[in-house]
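Participant: fold the following.
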Amino acid sequence: MAQVAREMVQKAGIDIDKLLDMLVRNAAAELTTYYYYTILRVNLIGLEGEGLKEITEDARIEDRNHFEALVPRIYELGGKLPGDMKAFHDISACPPASLPSDPTNIKTMLNVLVKAERCAVNGYTSICNYTAGKDHRTYDLSLAILHEEIEHEAWFAEFLGEGPSGHFRRSGTGTERNSPYVSKFLHT
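Facilitator: Residues are numbered from 1 along each chain as shown. Have a look, this model is predicted:
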């Protein structure tokens, strides 16, 4: 644990227990979304499904990266992840992005995807609002994740026909393509 970091955050007026709860719940949401997006992506088949597969994969990989980036901050602040995976799943900040009963209904699949992203946007906006000007490291990390979650939401919302988002397909490979905002927090 980074004792000085924890003390500075507390001195700035942050309730460490509240912040850790927010971070752990969002980490649970990221890991469970990675899992559920794996199932959703596998089921994106056919003419309509193939068009969604690439952006779903990008969002899936980035959600895993978000989890990986959150874990060190949780432990730096003296927190920890639950020892039981089921308990971890059940405290997720967002409901499961479960496969719909008719996975061939692409609009239903898109609604699952966009709902998951909107929940994530809300979660990271809350963390940013809570830590702004008080916990610079957590704020910077949460803001980086928020940027990527907003892009994910925009991608899926466009497929739903909600209008143009102004976001474009990312080019490149590896971290220059996946997690362009969060990559600075990943230690691989």
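Participant: so what touches stretch 39-49?
Facilitator: Applying Cβ atoms under 8 Å, 6 or more residues apart in numbering, the contact partners of stretch 39-49 are 50, 52-53, 56-57, 60, 97-99, 103-104, 106, 109, 112-113. The way it works is simple: take the backbone N, C-alpha and C, and place the C-beta from them, glycine included.
Participant: which ones are touching the nearest residue to residue 158 once chain neighbours are set aside?
Facilitator: Excluding the flanking residues, the one nearest residue 158 by Cβ to Cβ, 6 or more residues apart in numbering is residue 165, at 5.4 Å. For residue 165, the contacting residues are 154-155, 157-158, by Cβ under 8 Å, 6+ apart.
Participant: where does this structure dip in pLDDT?
Facilitator: Across the chain, the ranges flagged by pLDDT under 70 are 1, 167-177, 188.
Participant: so which of the contacts of stretch 39-49 is surrounded by the most neighbours?
Facilitator: For the contacts of stretch 39-49, the largest number of neighbours (other Cβ atoms under 10 Å) sits with residue 113, at 28 neighbours.
Participant: mind listing what's buried along the host helix or strand of residue 130?
Facilitator: Using DSSP states H and E, residue 130 sits within helix 106-131. Along helix 106-131, these residues count as buried under the neighbour rule (16 or more other Cβ atoms under 10 Å): 106, 109-110, 112-114, 116-121, 123-124, 127-128, 130-131.
Participant: one step back: farthest-separated two in the contacts of stretch 39-49?
Facilitator: The span of the contacts of stretch 39-49, defined through Cβ to Cβ, is set by 50 and 98 at 21.4 Å.
Participant: coming back round to it: in strands, which of the contacts of residue 165 appear?
Facilitator: Among the contacts of residue 165, the subset assigned to strands under DSSP state E is empty.
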